[in-house]
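Q: Here you go, sequence then predicted model.
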Amino acid sequence: MSVTTQNPGRGSSETARLLSTVDPGRRRTDRVMQVLIYIAFGLAMIPLGWLIFTVVAQGADRISLDFLFQSMRNIFGGDPRGGIYHAILGTVVITALATVISVPIGILTAIYLVEYGKGWLARSVTFFVDVMTGIPSIVAGLFAFSLFALIFGPAVRIGVMGAVALSVLMIPVVVRSCEEMLKLVPNELREASYALGVPKWLTIVKVVLRTSVAGLTTGVLLAIARVIGETAPLLVTVGVTDSINANAFDGRMMTLPVFAYRQYSQGNAPCPGGDTATCVSDIASQNAWGAALVLIAMVLALNLIGRLITRWFAPKLG
Amino acid sequence: MAQRIDTKDLNIYYGDFRAVEDVNMTIEPKSVTALIGPSGCGKSTFLRTLNRMHEVVPGARVEGTVEMEGVDLYGPDVDPVAVRKNVGMVFQRPNPFPTMSIRDNVLAGVKLNNKRISKSDADDLVESSLHGANLWNEVKDRLDRPGSGLSGGQQQRLCIARAIAIKPQVLLMDEPCSALDPISTIAIEDLIGELKQEYTIVIVTHNMQQAARVSDRTGFFNIAGTGKPGRLIEMDDTATIFSSPAEKATEDYVSGRFG
């Protein structure tokens, strides 16, 4: 049976007129807003594109296997040897330690706020998390410094101090993003679990966390990306070194942002007789750009991993 | 395994607000009891007190007693988690766990409780529960696919399979067909007819034809006005409620004259 409405002829032009009426003002506003939004997008992209272009252009030449796998031990002046291995190692160790401290505290706090918290305690936790989000990073660094100075004396510089300073910055970010992710889990799933006679804690572990694991992982990785580039708190807590030190509980460590800052502030090296194979006058500046490029690549890699994990663990449909 | 439930002077509160007032009701074992009434009259709230799901909402509490075979479900020694293991529930919107396969959804009551179960026992439980929910033939070839990929009606039957897999004494259904098309609705209604051989079933529905088709006894809830508590107006055999109810309000409601 075909249902084809016969055009009554007279009505069709009437209908066409009714349906095609366009408010010219609305169409104009639409166009203007569209252009404005594209311009805003373009403006926002300029600094990002420019920054990545500059860092790649200035840093790519310095990248080599030696640069990635050697330290700066016994490298002085314009000596173009040496590398950032000690700084990469320091950044990885300190950031990993900060993550180990922050993630359990952050996720458990988020679980408390979403699943249990009510009344003044939950409100004050939320308030102080908000306040912590705004703490300047140097204040976090000084806090960790004075905390460890009280225990170990004033001259102490060890990696774990930096990890504590970064945790102070990281915990509120983890709490906030995980809280949002846990709130996204539909209440119906919690009720479905309760109705099967599953206790609350098992419901949280096996339904709520399992359903939101993709979002939680992304949140944690973004929090890591947020603190991995911190310079000031590490400068005051971890100090600087030219040697490889993988032990966060003994001695100073180097980190990528601090390395870039130190190299940049050294300025040009004196090379009597101009640049040669053993003396490059702007080598420190090149080292800084190379370290910056590696740091950006690490942040980018973390974001990519976050994307992939989101895809793997997302609840599957169909 | 079906059990009888009696409520005595049951008052249900959300904070200070009394949502349901003085319900005295007897729910017979191995029968289907339908609860009908206008929106907001407390049917679902009442249903949720029967397996202590009510108290999941902050500030919610009850007064009076809900007795299963003489044991007060709100007694001091009673564990709400144990109550919910014996009184299963199917919700208005199908809510399979999105991270689990069809098979794992059926086994959710076992797996979420960290109970060990052998592979062959699990296979038997999956098959018998899905048979019980009339879903086995439709999904037996794709047990490892996600449960959320099924149609709405199949998802709801999956939720029923999940509920009966924990072998409850009583099965509560909160408008189980209101999100489903007529064909899926018929499938669930047929299933309810079969399930009452083994379970005590309480179903909340807005569809009076459905109440008339599936239930043995019907309770009519009504509300005097906004902000007033809901009350059980009348409860009787379904045939009586729909042909010659004792109360005028019931007759008006079932015949479509209300408001």
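A: That came through, no problem. Numbers count the residues shown, from 1 in each chain, chains lettered A, B, ... in the order given.

Q: In contact with residue 249, which residues are there?
A: Reading this off chain A. For residue A:249, the contact set (CB atoms under 8 Å, 6 or more residues apart in numbering or on different chains) comprises A:158-160. To be clear about C-beta, it is placed using only N, CA and C from the backbone, and glycine gets the same treatment.

Q: meant chain B, my bad for not saying
A: B:220, B:222, B:233-234, B:258 are the contacts of residue B:249 under CB under 8 Å, 6+ apart.

Q: Neighbours of whichever residue of chain B sits closest to chain A, how many?
A: Nearest to chain A, among the residues of chain B, is residue B:85, at 3.1 Å (CB to the nearest CB). Look at residue B:85: counted by other CB atoms under 10 Å in any protein chain shown, it has 20 neighbours.

Q: OK, contacts around residue A:233?
A: So residue A:233 contacts A:137-138, A:140-142, A:144, A:162, A:165-166, A:169 (CB under 8 Å, 6+ apart).

Q: Take those and keep only those in helices.
A: Counting by DSSP state H, the contacts of residue A:233 place A:137-138, A:140-142, A:144, A:162, A:165-166, A:169 in helices.

Q: Which members of the residues you listed are classed as buried?
A: Buried members of the ones in helices among the contacts of residue A:233, counted by 16 or more other CB atoms under 10 Å in any protein chain shown: A:137, A:140-142, A:144, A:162, A:165-166, A:169.

Q: okay if I get those as CSV plus pLDDT and distance to chain B?
A: Listed next are those as CSV, based on pLDDT from 0 to 100; distance: CB to the nearest CB, whole Å:
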residue, pLDDT, distance to chain B
A:137, 93, 37
A:140, 95, 35
A:141, 95, 40
A:142, 95, 41
A:144, 94, 38
A:162, 94, 37
A:165, 96, 36
A:166, 96, 32
A:169, 95, 32
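
Q: sorry, back to before: ok, of the contacts of residue A:249, which one's closest to residue A:264?
A: Nearest to residue A:264 among the contacts of residue A:249: residue A:159, at 22.5 Å, using CB to CB.

Q: isn't that closest one right next to residue A:248, touching?
A: Yes - Residue A:159 is within contact range of residue A:248, at 3.1 Å (criterion: CB atoms under 8 Å).

Q: Can you give me the buried ones in stretch A:157-177?
A: A:157-177.

Q: Go ahead and measure how far it is from the middle of the chain.
A: 13 Å (CA atoms, centre = their mean, to the nearest Å).

Q: ok, now stretch B:130-146?
A: 22 Å.

Q: quick check, that stretch touching chain A?
A: Yes - applying CB under 8 Å from any CB of the partner chain, one finds stretch B:130-146 touching chain A at B:145-146.

Q: who's in contact with that stretch?
A: A:315-318, B:98, B:100-103, B:106, B:126-127, B:150, B:154, B:157-158, B:160-161, B:164, B:187, B:190-191, B:194-195.

Q: let's go with 6 Å and repeat that
A: Contact partners of stretch B:130-146, identified using CB atoms under 6 Å, 6 or more residues apart in numbering or on different chains, comprise A:316, B:101-103, B:157, B:160-161, B:164, B:191.

Q: Count residues in the vicinity of the nearest residue to residue A:122 once chain neighbours are set aside, would you?
A: Nearest residue to residue A:122 in three dimensions, chain neighbours excluded: residue A:113, at 5.8 Å (CB to CB, 6 or more residues apart in numbering or on different chains). Around residue A:113 there are 22 other residues, counting by other CB under 10 Å.

Q: Phi, psi for residue A:113 please.
A: phi -60, psi -40 (degrees, to the nearest 10).

Q: cool, and residue A:159?
A: The phi/psi pair for residue A:159 (degrees, to the nearest 10) is phi -60, psi -40.

Q: which residues of the stretch 151-300 of chain A fall in helices?
A: A:159-184, A:187-195, A:200-203, A:209-228, A:232-237, A:256-266, A:283-313 (DSSP state H, counting those that start in this stretch).

Q: Quick one: mean pLDDT for the last one?
A: Read it as helix A:283-313. Averaged over helix A:283-313, pLDDT sits at 91.

Q: I'd like to know which elements that helix is packed against.
A: Packing partners of helix A:283-313 (3 or more CB pairs under 6 Å, 6 or more residues apart in numbering or on different chains; DSSP states H and E): helix A:24-59, helix A:209-228, helix A:256-266.

Q: Apply 8 Å and report the result again.
A: Here helix A:283-313 touches helix A:24-59, helix A:85-111, helix A:209-228, helix A:256-266, going by 3 or more CB pairs under 8 Å, 6 or more residues apart in numbering or on different chains; DSSP states H and E.

Q: Of the ones you listed, which is nearest residue B:173?
A: Using CB to CB, the helices and strands packed on helix A:283-313 put helix A:209-228 closest to residue B:173, at 24.3 Å.

Q: Residues touching the closest one, excluding its own?
A: Residues outside helix A:209-228 that contact it (CB under 8 Å, 6+ apart): A:91, A:95, A:98-99, A:102-103, A:106-107, A:111, A:166, A:169-170, A:173-174, A:177-178, A:180-182, A:184-185, A:189, A:295, A:298-299, A:302-303, A:305-307, A:309-315, B:97-99.

Q: at 7 Å what do you get?
A: The contact list for helix A:209-228, computed with CB atoms under 7 Å, 6 or more residues apart in numbering or on different chains, reads A:91, A:95, A:98-99, A:103, A:107, A:166, A:169-170, A:173-174, A:177-178, A:181-182, A:184-185, A:189, A:298-299, A:302-303, A:305-306, A:309-310, A:313-315, B:98-99.

Q: Same list, the contacts of stretch B:130-146, but as TSV with pLDDT please.
A: Formatted as TSV, those follow (pLDDT from 0 to 100):
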residue	pLDDT
A:316	62
B:101	92
B:102	94
B:103	94
B:157	92
B:160	92
B:161	93
B:164	90
B:191	89
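
Q: Identify, from these, the entry nearest to residue B:251.
A: Out of the contacts of stretch B:130-146, the member with the shortest distance to residue B:251 (by CB to CB) is residue B:191, at 30.4 Å.

Q: Could you find the closest non-adjacent residue to the closest one?
A: Per CB to CB, 6+ apart, closest to residue B:191 is residue B:134, 5.2 Å.

Q: chain center to the helix or strand of chain A with the lowest mean pLDDT: distance?
A: Across the helices and strands of chain A, mean confidence by mean pLDDT, DSSP states H and E is lowest for helix A:10-20: a mean of 76. Remark: helix A:10-20 is offset 56 Å from the chain centroid, using CA atoms, centre = their mean.
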